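K.L.:
just coords:
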């Protein structure tokens with residue numbers, strides 16, 4: 001469903017003065033009475049639909065997040081206990097196998113996500129708890145996100161708004177809507193409150209006293225204050241409780257980038273005040289702490305280092321007068337740690353270039369940090385518009401300001417163009433003493449404009465998401481389409497490879513790679 005503005009044109013009458021909170025409560029009470037919220041303690045709803053991998057689109061400027069079919073979905077909420085359990089099965093289905101986030105899925109994957117109070121965790125395939133300490137999309141703490149998601153449900157919004165200090169304004173719809181929301185000639189009221197001390201939540205209540213839209217913004221290294229929007233339409237009565245049978249969710253900014261649809265569930269069953277056993281917080285979750293940002297330095301050759309740590313790594317290459325870094329993943333904290341390590345390794349040379357293999361969020365979210373200090377971003381030409389108009393654009397970053405937002409260097413506002421160099425099929429960085437080749441990978445469905453980096457003198461090939469050598473003693477992975485595409489490109493480009501250095505995983509030999517791909 002393409003995101004359309006709620007109104008084409010609108011007259012907004014602000015309700016101001018001391019009576020605003022009272023007016024908001026009157027609106028909420030009317031909606032609560034219409035929707036049956038008064039005696040609602042718990043709710044469980046289920047259905048089918050699809051979900052998507054945010055930040056993993058095939059193209060940075062066209063298309064949506066890659067989708068997966070959801071043949072079964074159930075969410076259970078205990079409002080008083082502030083607990084949530086969301087379980088669903090996802091599979092590739094008939095959706096195109098393009099993009100990241102696990103695409104293409106093999107078979108079915110069962111997902112169980114839980115919240116109890118301020119603790120969030122998932123369950124693995126064996127039912128064991130997995131603490132969720134890494135922020136969602138490297139921006140929002142997962143426990144805060146799931147608390148927000150309770151408040152973003154129709155009845156959860158009414159409950160949270162009544163408990164807060166809500167404000168209202170009314171809007172007369174002048175334009176039309178074809179997405180099931182309020183249309184021309186109807187009035188809606190927007191009730192706003194602040195959740196968890198920092199997240200602005202807006203709920204749109206239509207003239208039938210139904211919550212049809214709930215919106216908030218969450219921090220994200222790529223988008224800044226990123227839109228998170230729930231659309232609720234096609235309400236039905238379930239034993240005195242009105243509930244939408246079509247749930248449609250957005251994350252992103254479709255004005256500059258079309259990728260934003262992340263979930264749609266067609267609700268088939270709603271049960272109210274079901275018995276929900278208390279969700280006990282496992283000790284492993286209660287005691288879990290966020291892993292510190294670490295950088296483990298491994299020398300690969302003279303003037304070439306692998307800076308590992310966690311799930312994503314970078315490679316540093318020293319030239320005569322400057323340094324180049326391959327990949328800036330995850331977030332600003334990771335980039336700052338890598339920059340600090342580079343400064344210690346090569347103290348007298350600036351980081352002139354940072355090479356970006358592809359646009360997926362987990363591989364590009366640290367780029368703004370490099371740009372803030374004058375480093376030139378090297379990426380495929382297909383990413384230029386997205387980076388200039390979205391990632392590096394001075395959009396609001398009130399929830400999680402980074403260095404680029406805080407300091408916004410003078411060169412960003414000068415007449416010089418933004419420091420981005422683009423690659424078409426091939427690009428070379430050299431100082432005549434050392435050469436780094438950048439090649440576009442053809443025939444891959446993971447990301448448009450995927451780059452690999454080759455150091456001819458060292459016979460080192462650097463890749464992201466195409467091939468990760470197994471750890472020592474681990475079984476060899478089954479060959480994938482991405483591995484075969486990498487092998488085809490190595491032959492096509494006539495690259496003499498000795499070692500594979502992945503952004504994920506361990507360093508491996510080319511001989512090992514050839515045995516795996518066959």
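P.N.:
Okay, I see it. Since the structure is predicted, the reported quantities are computational estimates derived from the model, not experimental observations.

K.L.:
top strand in the protein by residue count?
P.N.:
Ranked by number of residues, the top strand in the chain under DSSP state E is strand 224-238.

K.L.:
Can you list the strands that that strand pairs with?
P.N.:
strand 211-220 (antiparallel), strand 241-251 (antiparallel) (DSSP bridges).

K.L.:
Contact partners for the residue nearest in space to the middle of the chain?
P.N.:
Central residue of the chain (CA atoms, centre = their mean): residue 137, 3.9 Å from the mean position. When contacts are counted by CB atoms under 8 Å, 6 or more residues apart in numbering, residue 137 touches 54-55, 220-222, 226, 361, 365. The way it works is simple: take the backbone N, C-alpha and C, and place the C-beta from them, glycine included.

K.L.:
which phi and psi does it have?
P.N.:
phi 50, psi 30 (degrees, to the nearest 10).

K.L.:
Residue 54 versus that one, what's the distance?
P.N.:
Distance, residue 137 to residue 54, using CB to CB, to the nearest Å: 6 Å.

K.L.:
Could you name every residue contacting both of these two?
P.N.:
With CB under 8 Å, 6+ apart as the test, residue 137 and residue 54 both reach residue 361.

K.L.:
hang on, the earlier thing: roughly how far apart are the residue nearest to the centre of the chain and residue 266?
P.N.:
As judged by CB to CB, residue 137 and residue 266 stand 26 Å apart.

K.L.:
go on, residue 233?
P.N.:
From residue 233 over to residue 266 the distance is 11 Å, taken as CB to CB.

K.L.:
Now the common contact residues for these two.
P.N.:
Counting by CB under 8 Å, 6+ apart, the shared contacts of residue 233 and residue 266 are residue 246.

K.L.:
Touching, residue 335 and residue 366? I think so.
P.N.:
Yes: the criterion here is CB atoms under 8 Å, and residue 335 meets it with residue 366 at 3.6 Å.

K.L.:
Can you check which residues contact both of those two?
P.N.:
Joint contacts of residue 335 and residue 366 (CB under 8 Å, 6+ apart) are residue 328.

K.L.:
how many degrees apart are the lengthiest helix in the chain and strand 224-238 in direction?
P.N.:
Counting by DSSP state H, the longest helix found in the chain is helix 20-35. Taking axes from the mean of the first three to the mean of the last three CA atoms, to 10 degrees, one finds helix 20-35 and strand 224-238 inclined to each other by 40 degrees.

K.L.:
Show me what helix 20-35 is packed against.
P.N.:
helix 154-163, strand 167-173, strand 187-195, strand 199-205, strand 241-251 (3 or more CB pairs under 8 Å, 6 or more residues apart in numbering; DSSP states H and E).

K.L.:
rerun that using 6 Å as the cut-off
P.N.:
With contacts taken as 3 or more CB pairs under 6 Å, 6 or more residues apart in numbering; DSSP states H and E, helix 20-35 sits against helix 154-163, strand 167-173, strand 187-195.

K.L.:
Turn those into JSON lines, columns for mean pLDDT.
P.N.:
JSON lines is the format used below for these (pLDDT from 0 to 100):
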{"stretch": "helix 154-163", "mean pLDDT": "97"}
{"stretch": "strand 167-173", "mean pLDDT": "70"}
{"stretch": "strand 187-195", "mean pLDDT": "94"}
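
K.L.:
My read is that residue 379 contacts residue 357, right?
P.N.:
No: with contacts counted by CB atoms under 6 Å, residue 379 stays clear of residue 357, the gap being 8.3 Å.

K.L.:
Walking through the stretch 401-518 of the chain, point out its helices one by one.
P.N.:
Along the stretch 401-518 of the chain, the stretches classed as helices by DSSP state H, counting those that start in this stretch are 403-407, 481-493, 510-517.

K.L.:
for the stretch 251-400 of the chain, same thing?
P.N.:
283-286, 332-345, 361-364, 367-372, 384-386.

K.L.:
Just list what the first one packs against, helices and strands only.
P.N.:
So that's helix 283-286. strand 129-131.
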